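**Student:** Fold the following.
(chains A, B, C and D)
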Number of protein chains: 2
Amino acid sequence: MQKYSKQTRLLLAVDCIIFGFDGETLKLLLIKRGFQPEKNNWSLMGGFVQPDESLDQASNRILKQLTGLEGVYLEQLHTFGNPLRDPIERTISVAYFALVDIHKYEKQISADYHAEWFSLKRAPKIIFDQQEMVELAKQRIRYKAALHPILFELLPGKFTLPQLQNLYECVFNTTIDKRNFSKRVLATGLLIKLNEKDKAGSKRGAYYYQLNMQNYYAKFQAFMNFIPNPDSIGL
Amino acid sequence: MQKYSKQTRLLLAVDCIIFGFDGETLKLLLIKRGFQPEKNNWSLMGGFVQPDESLDQASNRILKQLTGLEGVYLEQLHTFGNPLRDPIERTISVAYFALVDIHKYEKQISADYHAEWFSLKRAPKIIFDQQEMVELAKQRIRYKAALHPILFELLPGKFTLPQLQNLYECVFNTTIDKRNFSKRVLATGLLIKLNEKDKAGSKRGAYYYQLNMQNYYAKFQAFMNFIPNPDSIGL
DNA sequence: TATTTAATTGTAAAAAAAACACTTAAAATA
DNA sequence: TATTTTAAGTGTTTTTTTTACAATTAAATA
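**Tutor:** The predicted structure follows:
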């Protein structure tokens, strides 16, 4: 037996929802689609899965090809398979989301790839069912960030507490008391205070912090622990 | 333009990881695969996605065809796309997990479909990368059950507090103080105490409870709330 | 030097979680 | 019929966590 001979084969694509944070608002990276249908309309980074690559490889390749981004946080989100989602031909899309330090790539992205960052609230209409993908990604990020310290992926290596708090407030669409926030976040043991200030945001300047990478990996699973006896669970 | 002419098309399958709970341990429903390769070896419920059905439709259809199960809790888990995962031909598999009241279907399943329930710890080797799927599903269930009351899907309409506690202890692989457990679970307002006892488990008998379905749907998102200001989040 | 702006910091009250053990219902048995 | 056995059911205290709340300080600018 060589093949599953009677079965239909389908097109398989990957779409990447790329989030960034500029210190103010959450942003979404979009690109003008380069081929028909919907050519020149705003779209997520997408492409077809090739015969010899895994889904993770495909999403990383597409990210690199369309934006130059490499080595960023990238996680599978959900697979969308409505038969009519692509009007040309049935295409299954495996959606991934990425979290990116926007400053690290800002110039390169716009200069070389004609991709653009849009504030989540002011992003243009995107093609097919991609708006649904973005909504699901926002939900997933909240879900995950409530338990794991993934939001640090959106920040530069050095960041201030006000920046971090602002990010949490954006993602959870809420406001947090800054005394309580700093207590909580410092209590995790994930942050190292640097002897240097960011003077951009205020006259006084805010101290920079960086991640304690050892603790970061050790505590990733139980960042904000609510599960009974986290040690006993093989998460 | 009619087709994405230059792209490779791939086989797309669905695999369903079906969990049940018999009051004692978590169980997994497996079937003897009906075709080559790996014919007659234990496998998850799987099948190919047909040209005109969505992924959710495909998973529901396969579940029904192979087990008779219908209308059960079924959620997309993850898509597995390693190029070599199926030795015959590259096949992408979208994994779903289901939560089932084992007693409701026990006889029907074994009589008509030759599927079998296995204790999670004593399940036989399964084909391809399905063990990986099961591990991921276990993780996801813990993750989700910590926040949402999905575990009730594994119980019959009437259940006792000791049964419910036992289920939580199984899923989280821990032990819980029964006084604290009952306080917590009753405080959710999701349970209605019935005037009837289950005499099977003990001499004294334990009171049956049932879900308050109104509260269940209302509180599904914030079952055990840990997110700051859950009301302000559009989850 | 005064003003402005945002960063930094602590404590008290309230709520939630955890620790802890005896009583009771009902069947089985002596 | 009395005793034993088994698991169900239940309350309080302590500890921990979370929340509410506002004055002071560093540094630039006027």
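**Student:** touching DNA strand C at all, stretch A:162-176?
**Tutor:** Yes - judged by CB under 7 Å from any atom of the strand, stretch A:162-176 comes into contact with DNA strand C at residue A:162. (C-beta placed from N, C-alpha, C; glycine too.)
**Student:** Can you list the buried residues in that stretch?
**Tutor:** A:162, A:163, A:164, A:165, A:166, A:167, A:168, A:170, A:171, A:172, A:176 (16 or more other CB atoms under 10 Å in any protein chain shown).
**Student:** mind exporting that stretch as CSV, just the C-alpha atoms?
**Tutor:** Only the C-alpha atoms of stretch A:162-176 are listed here, as CSV (Å, rounded to 0.1, in the frame of the first residue of the first chain):
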residue,chain,number,x,y,z
PRO,A,162,5.1,51.6,34.2
GLN,A,163,5.7,50.1,30.7
LEU,A,164,5.0,46.6,32.0
GLN,A,165,1.9,47.8,33.9
ASN,A,166,0.6,49.6,30.8
LEU,A,167,1.0,46.4,28.8
TYR,A,168,-1.0,44.4,31.3
GLU,A,169,-3.7,47.1,31.3
CYS,A,170,-3.9,47.0,27.5
VAL,A,171,-4.1,43.3,27.3
PHE,A,172,-6.7,42.9,30.0
ASN,A,173,-8.4,46.1,29.2
THR,A,174,-8.5,47.2,32.8
THR,A,175,-6.7,49.5,35.2
ILE,A,176,-4.5,48.2,38.0
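**Student:** That one near chain B anywhere?
**Tutor:** Yes - applying CB under 8 Å from any CB of the partner chain, one finds stretch A:162-176 in contact with chain B at A:172, A:173, A:174, A:176.
**Student:** who in chain A is up against DNA strand C?
**Tutor:** A:160-162, A:177-180, A:182-183, A:197, A:201-207, A:228.
**Student:** Please produce a PyMOL select command covering the buried subset of those residues.
**Tutor:** Selecting the buried subset of these in PyMOL, with 16+ other CB under 10 Å as the burial test, is done by:
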select buried, chain A and resi 160+161+162+182+206+228
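**Student:** How many neighbouring residues does residue A:44 have?
**Tutor:** 28 (other CB atoms under 10 Å in any protein chain shown).
**Student:** Would you confirm that it contacts residue A:13?
**Tutor:** No - at 10.2 Å, residue A:44 does not count as touching residue A:13 under the criterion of CB atoms under 8 Å.
**Student:** Let me know the pLDDT of the residue nearest to residue A:158 when sequence neighbours are not counted.
**Tutor:** Nearest-residue entry for residue A:158: residue A:208, 4.2 Å, with adjacent residues in sequence omitted and distances by CB to CB, 6 or more residues apart in numbering or on different chains. pLDDT recorded at residue A:208 is 98.
**Student:** so who does residue A:208 touch?
**Tutor:** A:158, A:159, A:160, A:193, A:194, A:196, A:197, A:198 (CB atoms under 8 Å, 6 or more residues apart in numbering or on different chains).
**Student:** need the residues you listed in CSV with pLDDT, secondary structure and distance to residue B:94, can you?
**Tutor:** As requested, the contacts of residue A:208 are exported to CSV (pLDDT from 0 to 100; DSSP: H, G, I helix; E, B strand; the rest coil; distance: CB to CB, whole Å):
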residue, pLDDT, secondary structure, distance to residue B:94
A:158, 96, coil, 41
A:159, 97, strand, 37
A:160, 97, strand, 42
A:193, 98, strand, 45
A:194, 98, strand, 45
A:196, 97, strand, 48
A:197, 97, strand, 49
A:198, 96, strand, 45
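**Student:** Considering those, which possesses the most neighbours?
**Tutor:** Result: residue A:159 is most packed of these (other CB under 10 Å), 23 neighbours.
**Student:** Which of the three states applies to the closest residue to it other than its chain neighbours?
**Tutor:** Of all residues not flanking residue A:159 in the chain, residue A:209 sits nearest, at 6.2 Å (CB to CB, 6+ apart). Three-state call for residue A:209 (DSSP: H, G, I helix; E, B strand; the rest coil): strand.
**Student:** can you count the residues close to residue A:209?
**Tutor:** Residue A:209 has 22 nearby residues by other CB under 10 Å.
**Student:** what's whichever strand or helix holds residue A:195 in contact with?
**Tutor:** Taking DSSP states H and E as the criterion, residue A:195 maps to strand A:191-198. Outside strand A:191-198, the residues that touch it by CB under 8 Å, 6+ apart are A:158, A:160, A:163, A:185, A:205, A:206, A:207, A:208, A:209, A:210, A:211, A:212.
**Student:** can you tell me which of those lies nearest to residue A:6?
**Tutor:** residue A:211 (52.7 Å; CB to CB).
**Student:** show me where pLDDT drops low in chain A?
**Tutor:** A:1, A:110, A:222-235 (pLDDT under 70).
**Student:** What is the longest strand of it by residue count?
**Tutor:** In chain A, taking DSSP state E as the definition, the longest strand is strand A:10-21.
**Student:** so what strands line up beside that one?
**Tutor:** Strands that pair with strand A:10-21, judged by DSSP bridges, come out as strand A:26-32 (antiparallel), strand A:45-48 (antiparallel), strand A:91-100 (parallel), strand B:9-21 (antiparallel).
**Student:** CA atoms of the last one as PDB?
**Tutor:** By that I understand strand B:9-21. Taking Å, rounded to 0.1, in the frame of the first residue of the first chain, the C-alpha atoms of strand B:9-21 are listed here in PDB:
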ATOM      1  CA  ARG B   9      -2.400  19.500  -1.700                       C
ATOM      2  CA  LEU B  10      -2.300  17.300   1.400                       C
ATOM      3  CA  LEU B  11      -4.400  14.800   3.200                       C
ATOM      4  CA  LEU B  12      -6.200  16.200   6.200                       C
ATOM      5  CA  ALA B  13      -7.500  14.000   9.000                       C
ATOM      6  CA  VAL B  14      -9.200  14.400  12.300                       C
ATOM      7  CA  ASP B  15      -8.300  12.500  15.500                       C
ATOM      8  CA  CYS B  16     -10.600  12.500  18.500                       C
ATOM      9  CA  ILE B  17      -9.200  11.900  22.000                       C
ATOM     10  CA  ILE B  18     -12.200  10.800  24.100                       C
ATOM     11  CA  PHE B  19     -12.100  11.000  27.800                       C
ATOM     12  CA  GLY B  20     -14.500   9.300  30.300                       C
ATOM     13  CA  PHE B  21     -14.700   9.000  34.000                       C
END
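**Student:** hmm, back to that, what about the strand holding residue A:195 and DNA strand D, touching?
**Tutor:** Yes - contact between strand A:191-198 and DNA strand D, assessed by CB under 7 Å from any atom of the strand, occurs at residue A:197.
**Student:** what pairs with the residue nearest to residue A:158 across the strands?
**Tutor:** residue A:160.
**Student:** Check the gap between it and residue B:203 for me.
**Tutor:** Per CB to CB, to the nearest Å, residue A:208 is found 66 Å from residue B:203.
**Student:** same check, this time on residue A:185
**Tutor:** 52 Å.
**Student:** Would you map the helices across chain A?
**Tutor:** A:55-67, A:102-113, A:130-145, A:161-172, A:178-187, A:213-219 (DSSP state H).
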